[in-house]
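**Q** Using only what follows, build the 3D model:
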Amino acid sequence: MLKKGNKLYSILTGSCPRCHGESMYINSNPYQLGKLFKMRDRCSQCDTKYKIEPSFFFGAMYVSYAVGIAFAVAAFVITYVFIGFTMLNSFIAIVITLVVFLPVIIRISRNIWANFFINFTSEKVGYKSKSV
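**A** Residues are numbered from 1 along each chain as shown. As a prediction, this is how the structure comes out:
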C-alpha cells in the first residue's frame, strides 16, 4: 500500500522526502524523549538538506495543531459516540490521548512540514557523486 514515491510513505515513515532512502531522524523511536528532536542535517543518499533555513521546523507547530485536533476528534468519536462515555470521561480520554501521542504528533508534523517543501524524485539529479 505504502510505496516509495508517495508523500504518505515519507510522512508515516519519517524517511527523506526527496529519495525515501533513509530516516530523517537519528533515532526512529519517538518515545525516547531525549532524542525526539535529533535529526540528521542531510540525507546520506541524496544530500538533501532537511533544515532549509534556520528555525525551519517552527512552521511544523501550525501543522501539529491540526494533527492534534485530528487525534482529539478521533478520541472523542471513539469514546463518546462508539463506546458511550460521558462528556467528562471523553474529555479525559482526549487529554490522555494527546499526552500519550505527543511524540508521534510532533514527528508526523515535522514530516508533513518537510514534505510541503521537498518533493520526491526518482531521478539521480542532485544526488551525491561518487567520482572525484
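**Q** quick one: stretch 15-22 to chain centroid distance?
**A** 13 Å (C-alpha atoms, centre = their mean, to the nearest Å).
**Q** gap between the two ends of it?
**A** Terminal residues of stretch 15-22 lie 5 Å apart, using C-alpha to C-alpha, to the nearest Å.
**Q** Quick one: mean pLDDT for that stretch?
**A** Average pLDDT, stretch 15-22: 89.
**Q** List the buried residues of it.
**A** By neighbour count on 16 or more other C-beta atoms under 10 Å, the buried set for stretch 15-22 is Ser15, Cys16, Pro17, Arg18, Cys19, His20. (C-beta placed from N, C-alpha, C; glycine too.)
**Q** In this structure, which residue is most central in space?
**A** Ile108 (2.0 Å; C-alpha atoms, centre = their mean).
**Q** Pull out the CA atoms of the worst-scoring helix or strand of the chain on mean pLDDT and give them to me as CSV.
**A** Counting by mean pLDDT, DSSP states H and E, the chain has its least confident helix or strand at helix 7-13, which shows a mean of 90. Below are the C-alpha coordinates for helix 7-13, written out as CSV (Å, rounded to 0.1, in the frame of the first residue of the first chain):
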residue,chain,number,x,y,z
LYS,A,7,4.3,11.5,0.2
LEU,A,8,2.3,9.5,2.6
TYR,A,9,5.2,7.0,2.7
SER,A,10,7.6,9.7,3.7
ILE,A,11,5.2,11.2,6.3
LEU,A,12,4.4,8.0,8.1
THR,A,13,7.9,6.5,8.0
